[in-house]
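**Q** turn this into a structure:
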Amino acid sequence: MTQYRKAHGMRIFLPIWFGQLVSLIGSHLTGFTLGVWVYQRTGSVTQSALISLFTLLPGILISPIAGALVDRWNRRWAMILSDSGAGLSTAAIALGLATNHLEIWHIYLAVGLSSTFSAFQQPAYSAAITLLVPPKHLGRASGMIQIGEAVGQLISPMLGSILLVTIQLQGVILLDFATFFFALVTLLTVRFPDAKPIVTEKTGKSSLLQESADGWRYITARPGLLALLILFATRNFMIAVVQVLITPLALIIADVKTLGGIMSFAGIGMVIGSLVMSTWGGPKRLIDGVLGFGFLGGICILVITHRSKTPRPFCLPLLIWRTD
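**A** Numbering: from 1, shown residues only. So this is what the prediction gives:
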């Protein structure tokens with residue numbers, strides 16, 4: 001296996017983290033406003049839900065080989081190219097709006113391309129942490145990334161609901177493009193440490209498919225890990241079936257600002273969960289935490305759906321304030 005020399009501080013990681021945080025907020029803004037815009041324009045739950053499909057599907061299909069490819073590439077340039085591609089996809093939506101030629105299928109295509117680039121950006125970012133941050137700060141860096149995700153989820157829906165009324169979708173898309181540009185500038189100006197591989201005795205040339213197959217064999221050889229993977233896949237699928245209904249349901253019984261407030265509760269849950277796990281560390285048997293919090297998330301869904309044909313807006317946060 002190839003090993004890499006590590007940086008000796010957080011100085012390089014911090015500006016990169018901040019740039020990615022700004023970009024993440026912009027991405028959440030666009031995701032929220034596009035879902036609302038498509039539903040308001042079409043009135044179709046299916047077409048609104050397809051945005052989530054095209055956001056997730058490329059990652060599912062590409063992720064098995066994305067990690068193996070990123071492991072062969074320069075981490076910094078993988079992030080630069082991924083951010084550039086996602087930014088251009090966003091710019092294409094803005095161009096379609098400006099020329100009044102934007103169709104719904106254009107949004108699906110742009111979202112799918114952006115998700116494809118993100119499938120490479122995420123493993124490159126994760127791998128870069130071990131390159132940029134020394135072992136004693138890895139926990140801190142991982143916590144900062146998780147908090148950044150929570151902050152994006154917290155701020156973007158509420159801000160997006162306001163911006164959608166004031167500067168409309170065109171302004172939000174341009175703002176998102178500006179955040180991609182900001183993240184790109186930080187990556188271009190900050191230099192990563194040398195990542196010259198230290199070849200060990202086990203290092204050897206292997207094909208891309210072989211490396212991907214090795215990863216799958218690693219999982220299947222550990223029944224507990226395989227069962228956990230199946231559990232997460234099943235749980236996420238079942239929750240996603242309900243989550244895609246949040247936007248149309250909220251817009252039927254309330255307005256866009258209320259929807260933004262509801263979605264921001266998910267961010268509050270993520271912030272609280274991140275802080276609790278950072279300080280507590282979880283139960284002694286971590287699997288108890290996985291199963292226990294997953295069960296509580298299911299209870300939240302039951303509370304909002306059981307005996308409630310016309311739920312109140314204040315109940316909807318229970319649906320999305322889960323174990324994130």
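**Q** all contacts plus neighbour counts: C-alpha atoms, from now on.
**A** Fine.
**Q** low pLDDT regions in the stretch 151-300 of the chain?
**A** Under the criterion pLDDT under 70, the flagged ranges of the stretch 151-300 of the chain are 193-208, 211-212, 278, 281.
**Q** tell me which stretches of it form helices.
**A** 168-189, 208-220, 223-243, 246-253, 256-280, 286-305 (DSSP state H, counting those that start in this stretch).
**Q** can you show me the helices along the stretch 1-150 of the chain?
**A** Under DSSP H, counting those that start in this stretch, the stretch 1-150 of the chain gives helices at 13-42, 45-72, 75-98, 104-132, 138-166.
**Q** and the residue nearest in space to the middle of the chain, what is it in contact with?
**A** What sits nearest the mean C-alpha location of the chain, by C-alpha atoms, centre = their mean, is E149, with 7.3 Å. By C-alpha atoms under 8 Å, 6 or more residues apart in numbering, the contact list for E149 reads 21, 24.
**Q** let's go with 10 Å and repeat that
**A** 20-21, 24-25, 28, 143, 267, 270-271, 274, 324 (C-alpha atoms under 10 Å, 6 or more residues apart in numbering).
**Q** closest to G298 among the residues you listed?
**A** D324 (12.7 Å; C-alpha to C-alpha).
**Q** pLDDT score assigned to the closest one?
**A** Model confidence at D324, given as pLDDT, is 45.
**Q** next: L50.
**A** For L50, pLDDT reads 85.
**Q** again with W321
**A** 44.
**Q** again, but for G19
**A** At G19, pLDDT is 90.
**Q** do you know how far M270 is from Q146?
**A** 8 Å (C-alpha to C-alpha, to the nearest Å).
**Q** comparing these two, which shows the higher neighbour count?
**A** Ranked by neighbour count (other C-alpha atoms under 10 Å), M270 and Q146 place M270 first, with 25 against 19.
**Q** just checking, that one touches I145?
**A** No - using C-alpha atoms under 10 Å, M270 is not in contact with I145; the gap is 11.9 Å.
**Q** export the helices of the stretch 151-300 of the chain to JSON lines and tack on distance to L14?
**A** Compiled in JSON lines, the helices of the stretch 151-300 of the chain are given as follows (distance: least, C-alpha to C-alpha, whole Å):
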{"stretch": "helix 168-189", "distance to L14": "10"}
{"stretch": "helix 208-220", "distance to L14": "31"}
{"stretch": "helix 223-243", "distance to L14": "31"}
{"stretch": "helix 246-253", "distance to L14": "34"}
{"stretch": "helix 256-280", "distance to L14": "19"}
{"stretch": "helix 286-305", "distance to L14": "29"}
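**Q** closest to G35 out of those helices?
**A** When the helices of the stretch 151-300 of the chain are compared by C-alpha to C-alpha, helix 246-253 sits nearest G35, at 7.4 Å.
**Q** quick one on the thing from earlier: for L209, which of the helices of the stretch 1-150 of the chain is the nearest?
**A** It's helix 45-72; of those, that one is closest to L209 (C-alpha to C-alpha) at 7.6 Å.
**Q** other SSEs contacting that closest one?
**A** helix 13-42, helix 75-98, helix 104-132, helix 208-220, helix 223-243, helix 246-253 (3 or more C-alpha pairs under 10 Å, 6 or more residues apart in numbering; DSSP states H and E).
**Q** 6 Å - rerun?
**A** Using 3 or more C-alpha pairs under 6 Å, 6 or more residues apart in numbering; DSSP states H and E, the elements in contact with helix 45-72 are helix 13-42, helix 104-132.
**Q** could these go into JSON lines alongside mean neighbour count and distance to V70?
**A** What follows is the helices and strands packed on helix 45-72, written out as JSON lines (neighbours: other C-alpha atoms under 10 Å; distance: least, C-alpha to C-alpha, whole Å):
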{"stretch": "helix 13-42", "mean neighbour count": "20", "distance to V70": "18"}
{"stretch": "helix 104-132", "mean neighbour count": "21", "distance to V70": "6"}
